[in-house]
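> Fold the following for me, if possible:
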Amino acid sequence: MELKEGKEKFIQSWGTLGSHWGINRTMAQIHALLLVANEPLSANNIMDELNISMGNTNMNIRALIDWGLVFKELKPGERKDFYVAEKDMWEVVKRIITQRKKKELEPMLRVLDSISKVEGNSEEAEEFKKVVRDIQLFSSKADSTLENLIKADSNWFIGTFMKMIK
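Sure, this is the predicted structure:
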């Protein structure tokens, strides 16, 4: 397989994977392109390489910067901005977990907290409160585990993961 074909397959596959992280395909494809780029790319480079509009390129670059997955880099003598991806996969995973936790788990914990205070002593109300408490307990443990994972260093995680799969 030629390098160009390998890069194209990687970009397409990463784009598909991105939809499972909660980001759109184009955002993930831009991230993939920057991951495999051996030098910083401008928005024009990205737009041309992926055959997408400048607006789409800029919007998704801003989102990747917000996620902490892409950084702006200035080149001396150049007026335009260039972009690089975080290439440390442990950092990438932690940043994705952080964003998903913030966008998905934390809002759900707030909702569970507010609805756990439902009033009533009927059988239906008691069953409702029990289900909410169970979900709240599981969600809180997931939140705590993810928080520990975010704070952990890669050596600890890899060691723990390897013990789990043996």
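
> Tell me where this structure has helices.
3-21, 25-36, 43-50, 54-67, 89-100, 106-115, 123-151, 154-165 (DSSP state H).

> Throw those helices into TSV and include mean neighbour count, distance to D81 and mean pLDDT, thanks.
In short, each C-beta sits where N, CA and C put it, glycine included. Shown next, in TSV, are those (neighbours: other Cβ atoms under 10 Å; distance: least, Cβ to Cβ, whole Å; pLDDT from 0 to 100):
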stretch	mean neighbour count	distance to D81	mean pLDDT
helix 3-21	14	21	89
helix 25-36	22	13	96
helix 43-50	17	7	96
helix 54-67	16	9	96
helix 89-100	16	20	88
helix 106-115	13	31	89
helix 123-151	13	29	86
helix 154-165	10	30	64
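
> Quick one: closest of the ones you listed to P76.
helix 43-50 (17.6 Å; Cβ to Cβ).

> Any figure for the gap between the most centrally placed residue in the chain and R110?
For the chain, the residue nearest the mean C-alpha position is I96 (2.6 Å; Cα atoms, centre = their mean). Applying Cβ to Cβ, to the nearest Å, the value for I96 to R110 is 21 Å.

> Contacts for stretch 84-102, please.
When contacts are defined by Cβ atoms under 8 Å, 6 or more residues apart in numbering, stretch 84-102 is touched by residues 21-22, 31, 34-35, 37, 40-41, 64, 67-71, 73, 143, 146-147, 149-150, 153-154, 157.

> Please save the CA atoms from that stretch in PDB.
What follows is stretch 84-102, C-alpha atoms only, in PDB (Å, rounded to 0.1, in the frame of the first residue of the first chain):
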ATOM      1  CA  VAL A  84      -0.700  20.900  14.700                       C
ATOM      2  CA  ALA A  85      -2.400  18.000  16.600                       C
ATOM      3  CA  GLU A  86      -1.600  16.700  20.000                       C
ATOM      4  CA  LYS A  87       0.200  13.500  19.100                       C
ATOM      5  CA  ASP A  88       0.600  12.000  22.500                       C
ATOM      6  CA  MET A  89      -2.200   9.400  22.400                       C
ATOM      7  CA  TRP A  90      -2.600   9.300  26.200                       C
ATOM      8  CA  GLU A  91      -3.200  13.100  26.200                       C
ATOM      9  CA  VAL A  92      -5.700  12.700  23.300                       C
ATOM     10  CA  VAL A  93      -7.600  10.000  25.100                       C
ATOM     11  CA  LYS A  94      -7.700  12.100  28.300                       C
ATOM     12  CA  ARG A  95      -8.900  15.200  26.500                       C
ATOM     13  CA  ILE A  96     -11.700  13.200  24.700                       C
ATOM     14  CA  ILE A  97     -12.800  11.700  28.100                       C
ATOM     15  CA  THR A  98     -12.700  15.100  29.700                       C
ATOM     16  CA  GLN A  99     -15.000  16.600  27.000                       C
ATOM     17  CA  ARG A 100     -17.400  13.700  26.900                       C
ATOM     18  CA  LYS A 101     -17.600  13.700  30.700                       C
ATOM     19  CA  LYS A 102     -18.300  17.500  30.600                       C
END
